[in-house]
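In: I would like to see how this sequence folds:
(one chain, ligands or ions: 1)
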Amino acid sequence: MIEFADLVAAGRVRKDVPLAPFTTYRRGGVAAWYYPATTPESLEILVPPDVPVLVLGRGSNLVVASRGFPGLVIHLQHAPSEITIDDSHLEAPGGVPLPQVARRAADEAVGGLSFFVGIPGSVGGAVRMNAGCHGTETRDVLAHATTWNLRRGEKSRRGPDELGLAYRHSDLTDDDIVLSARFRGVPSTTEAEEAAMREVSRWRRHHQPGGTLNAGSVFRNPEGDAAGRIIDELGLKGLSRGGAHVSHRHANFIEAHPTATPEEIHDLMAEVRATVEARTGIRLEPEIRFVGFDA
Ligand code: FAD
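Out: The predicted structure is shown next:
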């Protein structure tokens with residue numbers, strides 16, 4: 001176990017590092033302290049309670065405010081070569097990109113993980129958010145995840161029920177890091193998995209605003225309905241704040257022009273939410289995590 005103060009003293013933590021390049025929105029301020037971690041062992045850190053912590057994966061579900069994050073950002077960066085496969089189970093460190101999990105599973109004729117090709121997050125982000133698409137969620141394929149608590153210095157291994165995985169939710173807190181996850185696949189063929197991945201990619205090209213700056217669905221779907229359908233029905237596609245606008249392709253996405261500020265994205269989210277509540281009584285809950293904004 002490494003103490004935060006020792007990391008700083010050893011020069012392994014950098015100061016005032018811009019976070020924009022590490023998020024899919026490509027905007028946001030600096031991290032007061034920034035720690036890139038490339039091995040699961042280097043994540044076993046003890047952080048004092050007065051230092052705020054943000055665990056960062058692929059930044060595909062985040063908007064970081066212009067004023068940045070006034071604490072320690074722990075950035076998981078793991079190579080796909082660290083994926084291991086045995087007996088149709090796939091194990092990967094928390095920082096491995098999900099599309100690489102899908103591709104490696106296909107290469108090794110492991111079925112059931114192809115949906116990950118469409119989610120541009122990391123293994124750890126998928127567990128934290130219970131990411132899912134096309135009828136499958138992380139909890140459906142997770143055997144267990146190994147987590148580390150940054151305040152208590154405790155490691156644990158838990159299955160999907162113990163992690164409280166539910167629709168875009170886990171019981172993990174901001175103090176927990178997913179070090180690694182083990183996924184349950186089923187025997188398949190490379191051809192079948194490649195075809196499944198192609199179908200996921202085709203569907204996304206058709207329904208989502210690919211190639212633009214966004215962080216996926218802005219709001220969780222309310223019980224029995226789709227946030228995108230509600231926003232679309234209220235005619236809010238194209239609504240804008242500065243350089244941010246509600247996607248014409250999918251109403252639950254907010255796209256950012258390269259000149260957009262994080263605050264414009266945040267304010268547009270708040271305006272859509274307030275409009276939906278005023279006109280339908282439905283209170284949408286953000287799925288995207290807004291970091292460094294006033295509540
Ligand atoms: P980040 O954005 O880096 O972080 C998100 C949250 O997870 C933060 O609270 C962060 O602290 C936490 N976190 C990240 N890594 C770890 C870790 N190792 N341990 C503990 N906590 C961690 N999501 C879906 O569910 N389904 C979709 O179909 C989908 N489609 C998307 C399409 C696009 C184009 C984009 C941009 C995003 C989409 N997303 C989708 C959202 C996003 O990819 C997922 O939520 C993903 O799981 C986030 O992973 P990340 O590594 O990018 O997390």
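In: what ranges do the helices span in the stretch 51-200 of the chain?
Out: Ranges of helices within the stretch 51-200 of the chain are 98-107, 123-129, 138-141, 190-207, based on DSSP state H, counting those that start in this stretch.
In: looking at those, which is closest to the ligand?
Out: The ligand sits nearest to helix 123-129 of all the helices of the stretch 51-200 of the chain, at 1.9 Å, using Cβ to the nearest ligand atom. In this view, the C-beta of every residue, glycine as well, is placed from N, C-alpha and C.
In: now for that closest one, which elements pack on it?
Out: helix 98-107, helix 138-141, strand 176-184 (3 or more Cβ pairs under 8 Å, 6 or more residues apart in numbering; DSSP states H and E).
In: Put the alpha carbons of it into PDB.
Out: Taking Å, rounded to 0.1, in the frame of the first residue of the first chain, the C-alpha atoms of helix 123-129 are listed here in PDB:
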ATOM      1  CA  VAL A 123     -13.800  -1.900 -17.600                       C
ATOM      2  CA  GLY A 124     -13.800   0.000 -14.300                       C
ATOM      3  CA  GLY A 125     -16.300   2.600 -15.600                       C
ATOM      4  CA  ALA A 126     -18.600  -0.200 -16.800                       C
ATOM      5  CA  VAL A 127     -18.700  -1.800 -13.400                       C
ATOM      6  CA  ARG A 128     -19.200   1.500 -11.600                       C
ATOM      7  CA  MET A 129     -22.000   2.600 -14.000                       C
END
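In: quick check, it touching the ligand?
Out: Yes. Helix 123-129 reaches the ligand (Cβ under 6 Å from any ligand atom) through 124, 125, 126, 128, 129.
In: Please tell me how far that helix is from the chain's geometric centre.
Out: Averaging C-alpha positions (Cα atoms, centre = their mean, to the nearest Å) puts helix 123-129 6 Å from its chain's average.
In: And stretch 253-264, by the same measure?
Out: On Cα atoms, centre = their mean, the centre of stretch 253-264 falls 18 Å from that of its chain.
In: what does stretch 277-295 contact?
Out: Stretch 277-295 is touched from outside by 28-29, 54, 61-65, 67-70, 129, 168, 215-220, 222, 225, 227, 230, 234, 262-263, 266, 269, 272-273, 276, with contacts defined as Cβ atoms under 8 Å, 6 or more residues apart in numbering.
In: So among those, which ones count as buried?
Out: Buried subset of the contacts of stretch 277-295 (neighbour count, 16 or more other Cβ atoms under 10 Å): 28-29, 54, 61-65, 68-69, 129, 168, 215-220, 227, 230, 234, 262-263, 266, 269, 272-273, 276.
In: Return the closest of the residues of helix 123-129 next to the ligand with respect to residue 76.
Out: Taking Cβ to Cβ as the measure, residue 76 lies nearest residue 124 of these, at 5.8 Å.
In: returning to that earlier point: name the member of the residues of helix 123-129 next to the ligand with the most neighbours.
Out: residue 126 (31 neighbours; other Cβ atoms under 10 Å).
In: so how far is the first residue of stretch 54-69 from its last?
Out: Stretch 54-69 stretches 8 Å from its first residue to its last (Cα to Cα, to the nearest Å).
In: repeat for stretch 60-79
Out: Per Cα to Cα, stretch 60-79 runs 18 Å from first to last residue.
In: Repeat that for stretch 201-217.
Out: One end of stretch 201-217 sits 16 Å from the other (Cα to Cα).
In: gap between the closest residue to residue 140 other than its chain neighbours and residue 224?
Out: In this structure, residue 140 finds its nearest non-sequential neighbour in residue 132, 7.6 Å apart by Cβ to Cβ, 6 or more residues apart in numbering. Using Cβ to Cβ, to the nearest Å, residue 132 is found at 17 Å from residue 224.
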